[in-house]
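**Q** fold the stuff below for me.
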Amino acid sequence: MSGNRRKTAVALAATAAISLLASACTGQSSSGANDDPSKETTITFWHGWNNPGEVEAIQGVVDAFTKAHPNIHVKVVGNMTDDKINQALRAGGSNAPDVVSSFTTNNVGKFCSSKAFLDLNPFLKKDGIDPETTFPKAMNEYTQFDGVRCTVPLLGDAYGLYYNKDAFEKAGIKRPPRTWSELAADAEKLTRTKGDSYERLGFMPNYHGYESTTEHYLGSWDPTYFDADGKSNIAKDPAFAQMLTAQKKLVDSLGGYEKLEKFRTSFGDEWGAKHPFHTGQVAMQIDGEWRLGMAEAAKPGFEIGVAPMPVSDDQADSYGRGYLTGTIAGIAATSKKRNAAWELVKFMTTDTDAVVDFANSIHNVPSTLAALKSPRLKQDPRFKVFLDIAANPKSTTTPPSVNGGAYLTSLQNLGFDIEKGKQTDVKAGLEKTAREIDAAIAQAK
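**A** Numbering: from 1, shown residues only. Just a heads-up that it's a prediction; the model follows:
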C-alpha cells in the first residue's frame with residue numbers, strides 16, 4: 001500500500017459530509033437497474049490510487065474484466081477523493097462515475113444513509129452471492145450501515161505487530177508478546193535510555209506514533225462502540241477505559257509523555273526509508289500489512305518479525321485477531337448503467353483470481369474468504385500473519401456512522417488529553433465524550 005493511500009484511509013476528518021440530494025437516488029427496495037449489460041456500453045470507474053504501480057495494478061484488473069466482458073468498456077479515472085466523488089454525484093450528468101472505490105471506510109455510513117451509493121443487496125441476491133460466506137466478518141461490518149449494504153470490500157488492511165528479532169534475541173525475549181502486559185514488559189526490556197532521551201525505544205505508545213491510534217489499539221480489546229439504540233457505548237463498555245488506562249500506564253513507564261514526544265520528533269517520515277522501525281529507533285511497531293515490504297526495501301540490518309497485535313489480558317484466548325479496514329467499492333446512485341456497473345463491481349470484489357491478482361500486485365490483504373486461501377497468493381511467508389488476522393472471525397473494525405468518523409475523532413481527542421495528563425479522570429472523560437458523540441450524530445441525522 002502506498003503512503004498516499006494510507007494517509008487517506010486513516011484521516012478521520014479527511015472528507016466533507018456526504019449530503020447528496022435524495023432526488024439523485026432511487027429507492028433502496030430494489031436495484032432500479034434496467035440497462036442490458038449484454039449490449040455494447042461504456043461505464044466510468046473512479047478510484048483513488050495515484051502511485052504508478054498501484055494504478056497499473058487496478059488497470060490490470062479492469063483489463064481482465066473487459067477481456068471477459070468485451071461489450072462493456074470501462075473509462076478509468078484515478079486519484080479521486082471522496083470530496084471529488086461527492087461533488088460529481090451532486091452535479092450528476094455525463095461526467096459522474098458509475099462505479100466508485102474509496103479508501104475511507106469511515107464514510108460508509110454517509111454513503112448508505114444519504115443514498116449516494118446504491119443498495120447492493122438486490123444485486124447480490126440476484127446472483128446468489130451470500131456476503132456472510134463470501135467476505136470476512138469485519139469487512140462485512142464496515143461495508144454496510146443500518147441494513148443497507150451500499151459497498152463491498154475491495155482488498156483489505158490488517159494490523160499486526162512488527163518486531164526487531166535481533167533486539168529480541170539480545171534482550172532474551174523468546175517470542176513476540178501475546179497480551180498487553182507482555183507488550184509492556186517487553187517494551188521496557190527493549191528500551192535503552194541515552195541521557196534524557198533514548199538510544200532505542202521498545203515501543204512508541206503515544207497516539208501520534210503513526211498507526212498507534214485509539215481505534216487501532218482498541219482492536220485488542222474487542223470494543224462495542226454503539227449500543228442497540230445507536231447511542232455511544234464508550235462510557236459503558238469497560239474496554240474503552242481499560243485501553244485508555246493501559247496506554248497511559250505504558251506511556252508513564254517508558255519515560256512519560258514529554259520525553260517520548262521529544263524522542264518522536266527525531267523520527268523520519270512514516271512513508272520513507274527513515275521510519276523509526278527501519279532505523280532501529282523503535283523495536284516494536286503496530287502497523288499494517290504494507291509495512292513489511294517497505295521495511296525490507298529499507299534494508300534495516302536486522303531480521304524483521306511479524307505477529308498479531310497483543311490482546312487485552314482478560315482475552316488472552318483471542319490472540320490472533322486484529323483490527324481490519326480497507327478499500328470499498330460501490331455503484332453511484334446517479335448511474336444509468338447499473339447492471340453493467342454491477343458486473344464490474346462483482347468481478348473486482350468476488351472473482352477469486354481477480355482479487356488474488358490485485359492483492360499480489362499491491363501487497364494488500366485479499367477481501368474474500370476464498371482468495372485468502374488461494375494457492376495463487378504470492379507473498380512473503382510472514383504475510384500469512386495478516387491473512388490469518390483477516391480470516392479470523394474475532395477480528396474487529398470500527399462501525400460506520402451517519403456522520404462518518406467524527407466519533408473516532410472525539411475519542412482520539414480524549415486519548416490525547418489522557419496521555420498528556422490533561423484529563424486524569426478517565427471515566428468522566430468517557431462520559432463527556434459519549435455525550436459529545438451522541439449530540440453530533442443527532443445533529444447529522
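**Q** mind listing what's buried in the longest helix seen in the chain?
**A** Assignment by DSSP state H gives helix 426-444 as the longest helix of the chain. By neighbour count on 16 or more other Cβ atoms under 10 Å, the buried set for helix 426-444 is Val426, Gly429, Leu430, Thr433, Ala434, Glu436, Ile437, Ala440, Ile441, Ala444. Every C-beta, even on glycine, is put in place using the N, C-alpha and C of the backbone.
**Q** need the pLDDT of Gln31.
**A** To be clear, residue 31 is Ser; Gln isn't right here. Per-residue pLDDT puts Ser31 at 69.
**Q** check the one 5 residues further on too.
**A** At Asp36, the pLDDT value in this model is 90.
**Q** pull the number of nearby residues for the residue lying closest to it once chain neighbours are set aside.
**A** Nearest residue to Asp36 in three dimensions, chain neighbours excluded: Asn339, at 7.1 Å (Cβ to Cβ, 6 or more residues apart in numbering). For Asn339, the neighbour count with other Cβ atoms under 10 Å is 21.
**Q** swap in Ala295?
**A** Every residue meeting other Cβ under 10 Å relative to Ala295 is counted, giving 20.
**Q** wait, it sits on Tyr162?
**A** Yes - when contacts are counted by Cβ atoms under 8 Å, Ala295 is listed as touching Tyr162 (6.8 Å).
**Q** from the buried residues of helix 426-444, which one has the minimum pLDDT?
**A** Ala444 (90).
**Q** buried residues, the helix or strand harbouring Ala354. List them.
**A** In this structure, Ala354 is located in helix 352-362 according to DSSP states H and E. Across helix 352-362, burial judged by 16+ other Cβ under 10 Å covers Thr352, Ala354, Val355, Val356, Asp357, Phe358, Ala359, Asn360, Ser361, Ile362.
**Q** where does the prediction get shaky in the stretch 301-445 of the chain?
**A** Of all residues in the stretch 301-445 of the chain, none has pLDDT under 70.
**Q** got a pLDDT number for the closest residue to Asp196 other than its chain neighbours?
**A** Excluding its sequence neighbours, the residue lying closest to Asp196 (Cβ to Cβ, 6+ apart) is Lys259, at 6.8 Å. According to the prediction, Lys259 has pLDDT 97.
**Q** what count of nearby residues applies to Lys259?
**A** Lys259: 16 neighbours (other Cβ under 10 Å).
**Q** repeat that for Gly128.
**A** What Gly128 shows, counting by other Cβ under 10 Å, is a neighbour count of 6.
**Q** now swap in Lys125 and tell me
**A** The number of residues packed around Lys125, counting by other Cβ under 10 Å, is 11.
**Q** got the buried residues of helix 352-362 as a markdown table, with distance to Thr143 columns?
**A** Formatted as a markdown table, those follow (distance: Cβ to Cβ, whole Å):
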| residue | distance to Thr143 |
| --- | --- |
| Thr352 | 18 |
| Ala354 | 17 |
| Val355 | 14 |
| Val356 | 19 |
| Asp357 | 21 |
| Phe358 | 17 |
| Ala359 | 17 |
| Asn360 | 22 |
| Ser361 | 22 |
| Ile362 | 19 |
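**Q** pick the one among those residues closest to Thr193.
**A** Checking the buried residues of helix 352-362 against Thr193 with Cβ to Cβ, the nearest one is Ile362 at 39.4 Å.
**Q** against Ile58, how distant is that closest one?
**A** Here Ile362 is placed at a distance of 8 Å from Ile58 (Cβ to Cβ, to the nearest Å).
**Q** list the buried residues of the following helix or strand past the helix holding Ala354.
**A** Counting by DSSP H and E, the next helix or strand C-terminal to helix 352-362 is helix 369-372. Neighbour counts over helix 369-372 (16+ other Cβ under 10 Å) mark Leu369, Ala370, Ala371, Leu372 as buried.
**Q** helix 352-362 and the helix or strand that comes right after helix 369-372, what's the angle between them?
**A** Counting by DSSP H and E, the next helix or strand C-terminal to helix 369-372 is helix 384-391. Angle of helix 384-391 versus helix 352-362, following axes from the mean of the first three to the mean of the last three Cα atoms, to 10 degrees, is 130 degrees.
**Q** which residues are contacting helix 384-391?
**A** For helix 384-391, the external contacting residues (Cβ atoms under 8 Å, 6 or more residues apart in numbering) are 136, 138-139, 156, 158-160, 288-289, 306-308, 320-322, 324, 365-367, 369, 372-373, 377, 379, 395.
**Q** buried among those residues? Need that as a selection in PyMOL.
**A** In PyMOL, a selection of the buried entries from these looks like this (16+ other Cβ under 10 Å):
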select buried, resi 136+138+139+156+158+159+160+288+289+306+307+308+320+321+322+324+365+366+367+369+372+377+379+395
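**Q** about what we covered before: what sits up against the longest helix of the chain?
**A** Helix 426-444 is contacted from outside by 17, 230-235, 240-241, 244-245, 401-403, 406-407, 410-411, 413-414, 417-418, 423, using Cβ under 8 Å, 6+ apart.
**Q** give me the buried subset of these.
**A** Among the contacts of helix 426-444, those classed as buried by 16+ other Cβ under 10 Å are 231-235, 240-241, 244, 401-403, 406-407, 410-411, 413-414, 418, 423.
**Q** for Leu324, which non-adjacent residue is closest in space?
**A** In space, Leu324 is closest to Ala138, 4.1 Å off (Cβ to Cβ, 6+ apart).
**Q** quick one: Gln242 and Lys249 touch, right?
**A** No - Gln242 is beyond contact range of Lys249, at 10.5 Å (criterion: Cβ under 8 Å).
**Q** without its sequence neighbours, what residue ends up closest to Tyr159?
**A** Excluding its sequence neighbours, the residue lying closest to Tyr159 (Cβ to Cβ, 6+ apart) is Tyr323, at 4.5 Å.
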